[in-house]
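# Here is my input, please return the structure:
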Amino acid sequence: MSQIDDSMLRMPPGRGGAARLLALIPGLVGLAFIAFLLVWFVWRVPVADTEILALVNKTGKILPAELAAEFGDQVVLYDELVGAIAADQGADEQDVREGYKGIRGEVYTAGNHFFNPYSFKRVAMPATFIADDQIGVLLRKYGKPLPFPKTVATEPDERGPVREILRPGTRHNINLLAYEVQTFPLVQIPAGRVGVVTLLSGDDPVSKNTYTVAPGEKGVQRKTLPPGLAPYNPYLQRVEIVDVRSQKYDMLGAEVIHFPSNDSFTITIEGTIEWAIRPDHVAEVTVAYGDREDILNKIILPNARSISRIQGSKLQAREFISGKTRTAFQESLYSDLRRKCWVQGIDIKAALVRDIQPPAEIATLISQREQADQEIERYTNQMEEARAQAELVTQEELQEQNKAVGDARREVVTVTKQAEERKVISVTHAQRELEVAKLRLEAATKEAAALLARGEAEANVILLEYKARAEPLAQAVAAFGDGTTYANRFFLEKLAPSIRSIQSNTEGSLADIFKQFQTSPTAAKGGAQ
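Below is the predicted model of the structure:
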């Protein structure tokens, strides 16, 4: 080592500094590589798509004693606690989050995250998935204890079940160090049933001593859940499924109704009552009376027995055998039972009396009497039926007669209408032919006038043409004195150019032509003069 130092001392200053720098490069590269390995394999926390990352501060201060009394032994640095510490110490909230031990509230999603393992505990956990047929409820592990009688946490600094639920079919990035997630199946309300909801935590009811309360108040809610899947928080609500379909109750055997008649005989009736809970009173009926058996024993049967006794005491035993009396009794029982049960939230849809049993000691006598009455009524009905049949035959004959008269009248009307229609058609046809003849006459008249005008025009044209030809001839004739002279001259004009020599005697018709031109010299001279 001393030799190296001596040689280095003997080297020139410039070359010695460069050599020392080159000697440090491998060390620096090694340190950088070690740092990379440290960061990548020690500090790096890879988080998958289905995971989240939560942090715990391993170093720092502990919760102040004066705040521990108010907030309790907390291990989660939630916003309200951090704000209280920052306000107490006059520090920044971010400094408080980083400077105290405990679970950090924020979470980190998929990717590579780099945190110092000395300062932080890095906890990778699966993301929370809520199935389609379930809901999730958060149980907050930090905060102040719930005050009585609250069952759910409605404030962000309260510990316990959270009021809001996690909806079905969703993903939630929940810090499982600060919360616990519980899942519950959706409430399945079948068709024909509704859900009566009891709010376990809420405002105190404004109206006391009532079976149901207003929305948001603690107690049984007036509004019910319809059929289907319903999400609910079991820490906040209780749902009771109630059947609102029509129910039948048979009053048979030990359930028959006994009551005294007006003449003190015991009457027994068997029947069937069809009923249902009124949809707008399901909650009230459920709270006030209970389930199906309670409704029967507290509402329907007591009213049915009471009404039967009241109505039955108005009739004598023998009247219950008559069909009319039984029908009237059944109608009274149904109307009165429906009216009384309606105000109690029950809809009586039917009340049928199957059988009425009078006392055995009078049943035979009453039956015989009733049979006789029925025979009389049967004969009376037969007589009425015969009268009705005779009246029907009479009406049928009158209908046939009226039908024949109607057919004859319709035929007369038809013939009359046909004749009128033919008359109208004939008149219309004659008028049409007359109009056509008038139009043809007018057309012929106009055509004759046109022919006459055309003939006169042609005659005038011919006349004018002849006049135009005759006018020069007349002037020429007038110039020669008469027509003969003009004709001779015209003849000679045509003949003269063709004559070259004449060989003839002085007699004959050709010589006569030239004789008229022979004159004596004396006469010629005189004429010339």
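# Count the neighbours of Glu458 for me.
10 (other C-beta atoms under 10 Å). C-beta: built from backbone N, CA, C; applies to glycine.
# is it true that it lies in a helix?
Yes: counting by DSSP: H, G, I helix; E, B strand; the rest coil, one finds Glu458 located in a helix.
# Would you confirm that Pro205 contacts Gln221?
No: in this structure, Pro205 is not within contact of Gln221 by C-beta atoms under 8 Å, at 11.1 Å.
# Compare the two (neighbour count), which wins?
Legend: neighbour count by other C-beta under 10 Å for Pro205 and Gln221, higher for Gln221 (21 against 15).
# What ranges in this protein fall below the confidence cut-off?
Scanning the chain for pLDDT under 70 picks out the ranges 1-17, 20-21, 64-74, 318, 321-323, 359-370, 499-529.
# Helices of that one, residue ranges please.
Taking DSSP state H as the criterion, the chain carries its helices at 2-10, 13-38, 65-71, 79-89, 93-99, 282-288, 292-295, 301-312, 323-342, 360-480, 483-495, 509-515, 521-528.
# quick one, which of those is nearest to Pro190?
Closest to Pro190 of the helices of the chain is helix 282-288 (C-beta to C-beta; 14.6 Å).
# any residues in contact with both of Pro205 and Gln221?
Val213 (C-beta atoms under 8 Å, 6 or more residues apart in numbering).
# thinking again about what came up before, need the winner for burial among the helices of the chain.
helix 282-288 (a mean of 21; mean count of other C-beta atoms under 10 Å).
# ok, residues contacting that helix?
With C-beta under 8 Å, 6+ apart as the criterion, helix 282-288 contacts 194, 196, 211-212, 220-224, 240, 242, 244, 277-278, 295, 344-346.
# Can you dump the C-alpha atoms of it in PDB for me?
Taking Å, rounded to 0.1, in the frame of the first residue of the first chain, the C-alpha atoms of helix 282-288 are listed here in PDB:
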ATOM      1  CA  VAL A 282     -99.900  -4.400   5.500                       C
ATOM      2  CA  ALA A 283     -97.500  -2.800   7.900                       C
ATOM      3  CA  GLU A 284    -100.300  -1.700  10.400                       C
ATOM      4  CA  VAL A 285    -102.000  -5.100  10.300                       C
ATOM      5  CA  THR A 286     -98.700  -7.000  10.800                       C
ATOM      6  CA  VAL A 287     -97.700  -4.900  13.800                       C
ATOM      7  CA  ALA A 288    -101.100  -4.600  15.400                       C
END
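# next one: that helix to chain centre, how far?
Relative to its parent chain, helix 282-288 has a centroid offset of 35 Å by C-alpha atoms, centre = their mean, to the nearest Å.
# Same check on stretch 153-172?
Counting by C-alpha atoms, centre = their mean, stretch 153-172 comes out at 35 Å from the chain centroid.
# on that earlier part again, which one of the helices of the chain lies nearest to Lys144?
Judging the helices of the chain by C-beta to C-beta, what sits closest to Lys144 is helix 65-71, at 6.8 Å.
# In strands only, show me the contacts of helix 282-288.
Cross-referencing these against strands under DSSP state E gives 194, 196, 220, 240, 242, 277, 346.
# check contacts around the fifth one.
Residues counted as contacts of Val242 (C-beta under 8 Å, 6+ apart) are 193-196, 224, 277, 282, 286.
# Greatest separation within those residues: which pair is it?
Greatest spatial distance among the contacts of Val242 (C-beta to C-beta): Gly195 and Ile277, at 13.2 Å.
# Pull up the distance across stretch 294-305, start to finish.
End-to-end distance for stretch 294-305, by C-alpha to C-alpha, to the nearest Å: 16 Å.
# Need the contact partners of it.
With C-beta under 8 Å, 6+ apart as the criterion, stretch 294-305 contacts 249, 251, 255, 257, 259, 273, 275, 277, 285, 289-290, 333, 337, 340-341, 344, 346, 348, 351.
# try stretch 244-258
With contact meaning C-beta under 8 Å, 6+ apart, stretch 244-258 is reached by 192-194, 266-277, 279, 282, 292, 296, 300-301, 304-305, 308, 349.
# If you count neighbours, what's buried in it?
244, 247, 249, 251, 257 (16 or more other C-beta atoms under 10 Å).
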